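Chemist: need coordinates for the below:
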Amino acid sequence: MRPHGPAFKALRKAQGLSLRGLQDATGLDRRYLSRLERAEVDAIAAERADALAGALGVPTEAIADEGVPTVTAEAIEAPLVELDELKRYTPEQVAELGWLPWSARKIKELVYARKIYAHTDGGRITLTREDVRRTSALGAIEPFQGPAA
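Modeler: Sure, this is the predicted structure:
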């Protein structure tokens, strides 16, 4: 059976297991498990695949298969994110698209003041669509319901 590294790692992370935790659950060496995740193992024994599947709570086919990877959303049981949701936009792009009511300069000032959601990885300011939604919700005003009777 051929393991599929990235799919295997996704399964482990979806279950909230560290390599050490998976080692404890399966009895397999942590270095071997790490090599599996990096797809450095050509084949995996059926007994090992069964042990991993049992520890991760998925069918054996979700970990290793002789053909194409078979990992599905149901097997991982984690919400899938659209690729557009992961894309990052510069303050200039956000201002140009009109997603926030400020100029690019004002967005940068608000990010530096930590008043809106954004990422500052490597000294560059970027925003995802989720950041824009969360920032928009900060200023959302709920309609007045009137006094309680």
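Chemist: which other helices and strands contact the helix or strand containing Lys108?
Modeler: Counting by DSSP states H and E, the element that carries Lys108 is helix 104-112. Packing partners of helix 104-112 (3 or more Cβ pairs under 8 Å, 6 or more residues apart in numbering; DSSP states H and E): helix 91-97. No exception for glycine: its C-beta is placed from N, CA and C like everyone else's.
Chemist: same for the helix it packs on, what does it pack against?
Modeler: Here helix 91-97 touches helix 104-112, going by 3+ Cβ pairs under 8 Å, 6+ apart.
Chemist: what does the helix it packs on contact?
Modeler: 90-92, 94-96, 100, 102, 116, 118, 120, 125, 127 (Cβ atoms under 8 Å, 6 or more residues apart in numbering).
Chemist: and those residues, which two are furthest apart?
Modeler: Distance extremes for those: the farthest pair is Glu96 and Thr120 at 20.1 Å, using Cβ to Cβ.
Chemist: what's the neighbour count on Ala43?
Modeler: 12 (other Cβ atoms under 10 Å).
Chemist: any idea of the pLDDT on it?
Modeler: Per-residue confidence (pLDDT) for Ala43: 75.
Chemist: secondary structure class for it?
Modeler: coil (DSSP: H, G, I helix; E, B strand; the rest coil).
Chemist: tell me how far it lies from Ile125.
Modeler: The gap separating Ala43 from Ile125 is 46 Å, by Cβ to Cβ, to the nearest Å.
Chemist: same deal with Trp99?
Modeler: 14 Å.
Chemist: pLDDT below threshold where in this structure?
Modeler: 1-7, 62-84, 140-146, 148-149 (pLDDT under 70).
Chemist: where do the helices sit along it?
Modeler: Under the criterion DSSP state H, the chain contains helices at 5-14, 19-26, 30-37, 46-56, 73-76, 83-86, 91-97, 104-112, 129-138.
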